[in-house]
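Asker: Quick one: sequence and predicted model below, then my questions.
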Amino acid sequence: MRNIRVLLLLSLFCALMPVTFAREALELPPYLSSAKLQGSGRLTWWGLHIYDAAFYRVGSPSSSEFALNIRYQKSFTGISIANRSVEEMKRIGIPDDQANLWGRELSSFLPNVESGQTLTAVYEPKTGTTFYHDGKRIAQVPGTDFSKAFFGIWLDRKTSAPQLRTELLGQTCPPPLFSESC
C-alpha cells in the first residue's frame, strides 16, 4: 500500500512540474530580419502544450538588443497573461507594488491570444521594450527596469522554467541587461 502512495505522489509531482522540449525556430517578422536565433524551447504544464518560445539576438551573441517571440498553443486573455507576468516577476524578486503597477500597464495593452498567434517583445537599450502581436506593434514600455523584470520571467536565474531558460540561451550568456557573468 505504501508503494502505491509513493507512486501516486511521484506521479502527481511529475505532472505539476513545468516541462520544456526543444523545437524548430519560429519565422521572424520583417522588423527583426537581422536577428539570429539563439535558442528555442517549449513550455508545457501538466502535459499541456502552452507555448513555444524563441530567443533572438540582433547582431552578435553578446549584443544588448534582443527579442523573445512566443507562439501560443492555447487561448488566453490579455489580462490572464498580464496577471501571470506579475506572478512571475514577483517570483524573481520584483517588489509586489512595482510588479502590480507593471501588471496594470501590461493588462492595458496585451491582447487576447488564440492558438497559433504570437506575442513578440523586443528590447533596445535606448527605447526599452516594444511589444508586437502577430507582427503588429501594440505598445512600448520605456526603461531598463521594466525590461529586466519582464524578460527576467524567462531569462533570470530564478525563473520558474529553468530548462526553458537554458534552451533559450543556448550556449551563450544572457544579454548584458542581466549583468551576470558566465
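Answerer: Perfect, I can see it now.
Asker: contacts and neighbour counts: CA atoms only from here.
Answerer: Fine.
Asker: Next, name the residue at the spatial heart of the chain.
Answerer: Ranked by distance to the mean C-alpha position of the chain (CA atoms, centre = their mean), the top residue is Trp154 at 4.4 Å.
Asker: Which residue is the nearest non-sequential neighbour of that residue?
Answerer: Distances taken as CA to CA, 6 or more residues apart in numbering put Arg165 closest to Trp154, at 5.7 Å, once the chain neighbours are dropped.
Asker: Over to Glu124?
Answerer: Closest to Glu124 by CA to CA, 6+ apart is Glu65, at 5.0 Å.
Asker: so how far is Val122 from that neighbour?
Answerer: Look at Glu65 and Val122: by CA to CA, to the nearest Å, they are 8 Å apart.
Asker: all helices of the chain, in order?
Answerer: In the chain, the helices defined using DSSP state H lie at 2-16, 78-91, 96-109, 144-155, 162-169.
Asker: Go through stretch 92-111 and flag the buried ones.
Answerer: In terms of neighbour count (16 or more other CA atoms under 10 Å), stretch 92-111 has its buried residues at 92, 94, 99-100, 102-103, 106-107, 110-111.
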